[in-house]
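In: structure for the following, please:
(chains A and B)
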Amino acid sequence: MYRAPRGTTDILPAEQAYWAHVQQRAAEVCRLYGYERIDTPAFEDYGLFARTDAEGTDLVEKEMYVFEDRGGQKLALRAENTAPVCRAYVEHGLFNLSQPVRLYYIGPTFRYERPQAGRFRQHHQFGCEALGDASPILDVEVIELAIRFLESLGLTGLSVLLNSIGCRQCQPAYVEVLRQHYQGFSADVCSDCRVRMVRNPLRLLDCKESACKRIVATAPHIADYLCPECKDHFREVQEQLQVLGIPFALNHTLVRGLDYYTRTVFEILPQRQGSQSAIVGGGRYDGLIEQIGGKPTPAVGFAMGLERVILNIKEQGLDVPIPPGPRVYIAHVGTPARQTAISLARRLRDAGVGVLASTGTKSFKAQLRQANSLGVRHTIILGDNEVEAGTAVVRDMARNEQSTLLQDALLEHLARAVEYSPDSASP
RNA sequence: GUGAGCGUAGCCUAGUGGUUAAGGCGCCAGGUUGUGGCCCUGGAGAUCGUGGGUUCAACUCCCACCGUUCACCCCA
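Out: Residues are numbered from 1 along each chain as shown, chains lettered A, B, ... in the order given. As a prediction, the model looks like this:
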């Protein structure tokens, strides 16, 4: 017996309402901000990720699906979408468009991790990227967009965490100060942090070990070491957020895992917080496009995990619209009626009416039962009598009424009755 | 990769060493002559995650593997 591979799931019809809703909302919010959709391949040249997501990070070394194709090329399933979008930006000369270029994507993303709540080996990300403009207005724009999206789903109790990690100029100076701070505690530091001190000092601030947390508590804040340009940028981001009335909390230990980030970094946390709680992560990455062979190009964006978004929709008990199913069921008995049923179904569908016709393998009673469980509004009944007379019985399932009409009149009768059917509830 | 909990029909659950593994939901079929929802009756559906082991006897105890859940790591 085959099963879906570990960390993957089938999205069955019963779940589709959530996905359709979330994707429609995302597209709608992006339209409001002028972000256009881009779809990049599910896999890329391995080097694209290895170079940009920082060699030495777990993401690249342990969590990526890496494989060789038959031609011997080393490829990787995309573990995130920012680098691919930047690759497309450079490859297709999108820098020739009016800047900034605003893009969004929705699609599967792959990470070889141990599955957990809100974490899957194949999950789906929705993200936005604004490329080609360094203005702090854009940093705020993407944060606002993300918040608006989540709020449009009805989610409440969201919080924004914000920090700046500086740029190529000022970050190294801070890192030096941070190293010096840690030198006094080298005996107390955990083994992971010993490695971090050398390879990725900023991530020292992220350590959850209690001993390390104490050291972090007294560590210098990067915000105090930013260069004048980064300081201005950070200040403007905060000011703009305030102007828009978006609450946020500064968090000097927020540094993010991917190495390409510069200046602004942020996360959005939901009401209920578990270990995998962050639903949105993002920031500015002014050096990335240059790293993959483009001209120096500032950019900012975010990504969010849709599984986590849906998890929160369910936890908060929010309604999602249920796409309408067929509104008419055709029950029939006898061979002549079967033919009539099939052509009638065709004519109704031509008129835009959703129809489910019985296959005729069930008893008449069972057909009615099926019509009922499907929740159709009307059932058309065809037997020998109706076929002979060119009529059909139309039964209104909810009102428990039925009448006999000519088949031609029936079409119009139903088309009118079925036209509007607002429908919204939890599936 | 590390640690812990859990795996009984499609779903939820009972059964904790001993005759044909029980119930609910769902599914299928009936409850007379062409009419659903409620109700009643019946039926199908489980090698009790897989493979070893202990025992006269294992769904029940032990081990391994697989899956799953939660946490660590990492990250959306």
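
In: mind checking what secondary structure residue A:403 has?
Out: For residue A:403, the assignment made with DSSP: H, G, I helix; E, B strand; the rest coil gives strand.

In: list the contacts for the nearest residue to it once chain neighbours are set aside?
Out: Of all residues beyond its chain neighbours, the one nearest residue A:403 is residue A:394 (6.0 Å), with distances taken as C-beta to C-beta, 6 or more residues apart in numbering. For the C-beta atoms, the positions are set from N, CA and C on the backbone; glycine is no exception. By C-beta atoms under 8 Å, 6 or more residues apart in numbering, the contact list for residue A:394 reads A:378, A:379, A:380, A:381, A:402, A:403, A:404, A:405, A:410, A:413, A:414.

In: out of those residues, who's near RNA strand B?
Out: Counting by C-beta under 7 Å from any atom of the strand, A:381, A:402 from these sit close to RNA strand B.

In: now restrict the contacts of residue A:394 to buried residues only.
Out: For the contacts of residue A:394, a burial check counting by 16 or more other C-beta atoms under 10 Å picks out A:378, A:379, A:380, A:381, A:405, A:410, A:413, A:414.

In: which of those residues lies closest to RNA strand B?
Out: For RNA strand B, the closest of the buried ones among the contacts of residue A:394 turns out to be residue A:381, at 3.7 Å, with distances computed as C-beta to the nearest atom of the strand.

In: isn't the closest one up against residue A:331?
Out: Yes: taking contact to mean C-beta atoms under 8 Å, the distance of 5.2 Å between residue A:381 and residue A:331 places them in contact.

In: could you check the pLDDT of the closest residue in space to residue A:221 that isn't next to it in sequence?
Out: Closest residue to residue A:221 apart from its sequence neighbours, by C-beta to C-beta, 6+ apart: residue A:252 at 4.2 Å. Looking at residue A:252, its pLDDT reads 88.

In: just the one 5 residues further on next, same as before
Out: In this model, residue A:257 is scored at 70, pLDDT.

In: please apply the same query to residue A:53.
Out: pLDDT, read off for residue A:53, is 59.

In: tell me, how many residues neighbour residue A:26?
Out: Neighbourhood size, residue A:26 [other C-beta atoms under 10 Å]: 25.

In: quick check: it touching residue A:126?
Out: Yes: with contact defined as C-beta under 8 Å, residue A:26 reaches residue A:126; the gap is 4.9 Å.

In: quick check: neighbours shared by the two?
Out: Taking C-beta under 8 Å, 6+ apart as the contact rule, the neighbours common to residue A:26 and residue A:126 are A:104, A:106, A:149.

In: can you redo those as TSV with secondary structure, pLDDT and neighbour count?
Out: Formatted as TSV, the entries for the shared contacts of residue A:26 and residue A:126 read as follows, by DSSP: H, G, I helix; E, B strand; the rest coil; pLDDT from 0 to 100; neighbours: other C-beta atoms under 10 Å:
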residue	secondary structure	pLDDT	neighbour count
A:104	strand	98	26
A:106	strand	97	19
A:149	helix	98	26
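
In: what's the closest of these to residue A:161?
Out: The shortest distance between residue A:161 and any of these, using C-beta to C-beta, involves residue A:149 and amounts to 17.3 Å.

In: about what we covered before: show me what contacts the residue nearest to residue A:221?
Out: A:163, A:205, A:221, A:222, A:223.
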